[in-house]
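Q: Would you be able to build a 3D model of this:
(one chain, ligands or ions: 1)
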Amino acid sequence: MTQTKQPAGGSSTSAANFNSNSSASVSKLAPCPSSAHDVLLNNFQLKKKSYRVLLHGEQLVWERLQKIKQSSNEIKAPLPPDAPSPTSGGVCAYGPQSHVLHLDDVVSVKSGDTKLASLQPPPPPSSGTSSRSSSSSGGAIKPTCQYLTVNYALRLSKSQTDCNRWELRRLTFFNSDPYIVRQWDEELQARLYSSSPTRMRVRRLLVFINPYGGRKAGAQTYERHVRPIFQLAGVDATCITTQRANQVRDILLSHDLGVYDAVCCVGGDGTVAEVINGLLFRRMRELGLDEQSPPYIPRPALPVGVIPAGSTDTIAYSMHGTADVRTAAIHVILGQHRGLDVCSVSNGQSLLRFCASVLSYGYLGDVAAQSENYRWMGPRRYEYSGVKAFLSNRGYEAELRMLEEPDLLLTTPMQEEVPHSPDSVCSLGESLPSVCYANCQRCSFASSIQEQRSSLFIQEESRQTEQVEREEPELGDSYLTPSEAALLKPRIRPGNLQLPTGSISSMRNLGNEQWKVVRGNFFMICGANITCACARSPNGISRYSHLGDGCLDLILVKKTNLLNNIRFLLNTAGRSGDIRNLPFVEVYRTRKFQFRTLAAAGEEDYSLAGSCQPISPPGELGNPSSSTEFSSWNCDGEVVTDLDITMRSHCQLIEVFMRGPHSYSKPHKGVSTPTTPASSSDNVYCCCKD
Ligand SMILES: Nc1ncnc2c1ncn2[C@@H]1O[C@H](COP(=O)(O)OP(=O)(O)OP(=O)(O)O)[C@@H](O)[C@H]1O
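A: As a prediction, this is how the structure comes out:
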């Protein structure tokens, strides 16, 4: 623990003056290794005003000093607190006049001889070197630096429709003693790049830019908005501008990715899907799995960043709660990550591809198939094809078999333990649907189940060997093989989430699969992996889908009449509508469903050849979409022509840079808000906490 030398004219102080309930004490400066318990405490100037600044664990706290006249002597002391400091369970709390910035929100730190020098972006940190040795100036920090700039990100909470945008801010501290500045710079750098289970600071990034999607502005979007943010964070980005469809996937399948920490794409949903498919098929190849019929789906090694530059950008919007490009880039550099479910899509014979957003048949399938012919219109092609497909929809006969989701937690006391947010419940054994927000408890629990499941199977490996061998090697079956269990990466369980009792015994019942069959004439059928929210439909088609709960929502819109179809579309577009209230809409939460067309039922081998890739363009010979009896599938915006389809959700298969959308909460009047949201300050990102 350290107490640095006070600057000339600065008053000495102690950590206790910050109203901290921490037992951390201040001791002599020593070059000790970085630890969450180390404390740095000094006076700095910020905009020519004096502040007492504390670095405590993962928090940077600064508090204005006021001049107190005591007879002829003038001393500086912190402003008196207006209200008692809130404390909880030994967690540090600071006075209301304190500004608190969590290191999770810090983008970069740079020291300099002048203020201008400290504002320059730091050079990319060399990989493999100790973060303590990699200073902001690329080598040893100059002993003359008196300025220290901290670049950080701040979430804006302006309104219900604008509460997920993040912006960059900076603080430039001055201290006349370069020794203190150096000490702070080194310590901040070390803590910023120290390993954390929920944060991964990217050093080397592989970026794919799709110049073709959306308004064909991917390259400009990157140059104008994304590159400066990556530079500010000192990220070494290798950019590849795609020349053709499926190039992203091909590069990911064939090139050495060993030097990269993460992959990022600048494009629409189709580009994200290419990245995800490329990484997943690459991992299967690395492990020597049969790509047509893998016994399980392994997790790729690299996390993914998603920067929107497409037409609808539902994946980016569902993850971040906004399609703001800078926000998405900020999430990549801040490095907070969460597991995202991915669905496998297979026909009767083999695995076709992976789906990250939605797989739709009927109306949206027709829109995807038709809109490809009008790509020259840009995003407007969806409106044009949408109207055409809407008017021509006569309904599609189909049969769906779905695996009913056994709600593992209905019998547990979990609901009482989970904090509820005003407009949503991130609950688990929910009777009411919940919206997936940052720090969603449902997703956290699903990841814990994964963790438990893998350890359970490792422990019982020998006892179950016989049983496992008897199990059909179905794609991603509930029972994992011992090798799959061993390959599953341990998941991160944030905070103090308690695992409910009885979850293990519930898990064992997963083998008792219950199938439900629904037949009918449908306007549209959707398997939604995420909410599929976008700027035009802020709640998405599947408002209650969760990003990482291992389930998908199967939405069945029955063919009734034109008016009901319009009602359905209006409900998906508005903020207040809920398609669950419509009598002709059924929504099922499931882990897997199978689809077949009723017209084709009974026919042997009615499936077309697997259209894994390249996907044959619509209208080709043999494409059923040319028949009005059949629609085609829209998988992440791409057309899939197979008709016997199985969609299965794989829990948190891909790590993505995101925190999850936040719900809006009105700032309370008269209460001084900290510089960063409380959620960041205590390392909890929760809809219930901001
Ligand atoms: N240089 C290129 N030329 C032609 N097609 C490309 C090129 N680069 C990528 N593609 C393909 O463009 C397709 C569309 O891209 P993308 O999905 O990113 O944009 P979009 O369809 O406009 O957006 P969204 O899917 O969000 O509606 C993808 O299938 C991708 O394979």
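Q: Which parts of the stretch 351-500 of the chain are strands?
A: For the stretch 351-500 of the chain, strands defined by DSSP state E, counting those that start in this stretch occupy the ranges 351-355, 358-362, 396-404.
Q: Please convert these to JSON lines, extending it with mean pLDDT, distance to the ligand and mean neighbour count.
A: For the C-beta atoms, the positions are set from N, CA and C on the backbone; glycine is no exception. JSON lines is the format used below for the strands of the stretch 351-500 of the chain (pLDDT from 0 to 100; distance: least, CB to the nearest ligand atom, whole Å; neighbours: other CB atoms under 10 Å):
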{"stretch": "strand 351-355", "mean pLDDT": "97", "distance to the ligand": "12", "mean neighbour count": "25"}
{"stretch": "strand 358-362", "mean pLDDT": "96", "distance to the ligand": "11", "mean neighbour count": "27"}
{"stretch": "strand 396-404", "mean pLDDT": "92", "distance to the ligand": "23", "mean neighbour count": "19"}
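Q: Would you format those as TSV with distance to R227 included?
A: Formatted as TSV, the strands of the stretch 351-500 of the chain follow (distance: least, CB to CB, whole Å):
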stretch	distance to R227
strand 351-355	29
strand 358-362	31
strand 396-404	45
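Q: so which of those strands gets nearest Q452?
A: strand 396-404 (20.3 Å; CB to CB).
Q: Mind giving me the packing neighbours of that closest one?
A: Packing partners of strand 396-404 (3 or more CB pairs under 8 Å, 6 or more residues apart in numbering; DSSP states H and E): strand 358-362, strand 515-528, strand 552-558, strand 585-597.
Q: ok, the shortest one: who's next to it in the sheet?
A: For strand 358-362, the paired strands and their directions (DSSP bridges) read strand 515-528 (antiparallel), strand 633-635 (antiparallel).
Q: can you list contacts of that strand?
A: The contact list for strand 358-362 (CB atoms under 8 Å, 6 or more residues apart in numbering) reads 314, 343, 345, 364, 368, 393, 395-396, 398, 522-530, 532, 541-542, 557, 595, 631-636, 640, 645, 647.
Q: again, 7 Å this time
A: Under the contact criterion CB atoms under 7 Å, 6 or more residues apart in numbering, strand 358-362 has outside partners 343, 345, 393, 396, 522-529, 532, 541, 595, 631, 633-635, 647.
Q: and the angle for that strand with strand 396-404?
A: Angle, strand 358-362 to strand 396-404, by axes from the mean of the first three to the mean of the last three CA atoms, to 10 degrees: 150 degrees.
Q: now strand 358-362 and strand 585-597, what's the angle there?
A: Interaxial angle, strand 358-362 versus strand 585-597 (the same axes, to 10 degrees): 80 degrees.
Q: Can I get strand 358-362 as PDB, trimmed to CA atoms?
A: Taking C-alpha atoms only, strand 358-362 is exported to PDB below (Å, rounded to 0.1, in the frame of the first residue of the first chain):
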ATOM      1  CA  VAL A 358     -33.600 -15.000 -36.100                       C
ATOM      2  CA  LEU A 359     -34.700 -17.800 -38.300                       C
ATOM      3  CA  SER A 360     -38.000 -17.000 -40.000                       C
ATOM      4  CA  TYR A 361     -40.400 -18.700 -42.400                       C
ATOM      5  CA  GLY A 362     -43.400 -17.200 -44.100                       C
END
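Q: ok, whichever residue of the stretch 401-550 of the chain sits closest to the ligand - contacts?
A: Minimum separation of the stretch 401-550 of the chain from the ligand (CB to the nearest ligand atom) falls at C534, amounting to 8.0 Å. Contact analysis of C534 by CB under 7 Å, 6+ apart lists 312-314, 317, 323.
Q: quick one: which of those is nearest the ligand?
A: Among the contacts of C534, T312 lies closest to the ligand (CB to the nearest ligand atom), at 3.9 Å.
Q: residues from the protein in reach of the ligand?
A: Taking CB under 6 Å from any ligand atom as the contact definition, the chain meets the ligand at 210-214, 242-246, 267-271, 274, 310-313, 637-638.
Q: Would you list the buried entries among those residues?
A: For the residues of the chain next to the ligand, a neighbour count by 16 or more other CB atoms under 10 Å gives the buried set as 210-214, 242, 245-246, 267-271, 274, 310-313, 637-638.
Q: Keeping just the C-alphas, turn stretch 167-187 into CSV.
A: Provided in CSV are the C-alpha atoms of stretch 167-187 (Å, rounded to 0.1, in the frame of the first residue of the first chain):
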residue,chain,number,x,y,z
GLU,A,167,-19.7,8.7,-24.9
LEU,A,168,-16.0,9.4,-24.3
ARG,A,169,-14.9,11.8,-21.6
ARG,A,170,-11.6,12.7,-20.2
LEU,A,171,-10.0,14.1,-17.0
THR,A,172,-6.6,15.8,-17.0
PHE,A,173,-5.0,15.9,-13.6
PHE,A,174,-2.0,18.1,-12.8
ASN,A,175,0.6,17.7,-10.2
SER,A,176,3.8,19.6,-10.0
ASP,A,177,5.7,16.5,-8.8
PRO,A,178,6.5,14.3,-11.8
TYR,A,179,7.3,11.5,-9.4
ILE,A,180,3.7,11.3,-8.2
VAL,A,181,2.4,11.5,-11.8
ARG,A,182,4.6,8.6,-12.8
GLN,A,183,3.5,6.6,-9.8
TRP,A,184,-0.2,7.1,-10.7
ASP,A,185,0.4,6.4,-14.4
GLU,A,186,2.2,3.1,-13.7
GLU,A,187,-0.4,2.0,-11.1
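Q: Give me the buried positions along it.
A: Buried residues in stretch 167-187, defined by neighbour count with 16+ other CB under 10 Å: 168, 171-175, 177-178, 180-187.
Q: The helix or strand harbouring A153: what's the following helix or strand?
A: Using DSSP states H and E, A153 falls within strand 147-156. Sequence order places strand 165-174 as the next helix or strand after strand 147-156, per DSSP H and E.
Q: Between strand 147-156 and that following strand, find me the angle.
A: With the same axes, to 10 degrees applied, the angle from strand 165-174 to strand 147-156 works out at 160 degrees.
Q: helices and strands around strand 165-174, which ones?
A: Using 3 or more CB pairs under 7 Å, 6 or more residues apart in numbering; DSSP states H and E, the elements in contact with strand 165-174 are strand 39-46, strand 147-156, helix 325-334.
Q: how much does the last one deviate in direction from strand 147-156?
A: What that stands for is helix 325-334. 120 degrees.
Q: Toward the C-terminus, what is the element adjacent to helix 325-334?
A: According to DSSP H and E, the helix or strand after helix 325-334 is strand 337-346.
Q: Could you list the paired strands of that next one along with their orientation?
A: Here, using DSSP bridges, strand 337-346 pairs with strand 351-355 (antiparallel), strand 645-657 (antiparallel).
Q: Of all those, which one comes closest to C436?
A: Among those, strand 645-657 comes nearest to C436, with 12.4 Å by CB to CB.
Q: so where is the protein shaky, pLDDT-wise?
A: Within the chain, the stretches with pLDDT under 70 are 1-37, 67-95, 124-142, 406-431, 453-513, 599-628, 667-690.
Q: Could you list the domains of it?
A: Domain assignment for the chain by automatic domain parsing gives 15-194+665-681, 355-405+512-604+612-651, 421-502.
Q: what helix or strand does F208 sit in?
A: If you go by DSSP H and E, F208 is part of strand 204-209.
Q: can you check T312 too?
A: Assigned by DSSP H and E, T312 belongs to no helix or strand.
Q: Helix, strand, or coil at the residue lying closest to it once chain neighbours are set aside?
A: Here the nearest residue to T312 in space, its sequence neighbours aside, is C534; by CB to CB, 6 or more residues apart in numbering that works out to 4.7 Å. For C534, the assignment made with DSSP: H, G, I helix; E, B strand; the rest coil gives coil.
Q: Distance of C534 relative to S357?
A: From C534 across to S357, the span is 10 Å (CB to CB, to the nearest Å).
Q: Find residues that contact each of those two.
A: In contact with both C534 and S357: T314, using CB under 7 Å, 6+ apart.
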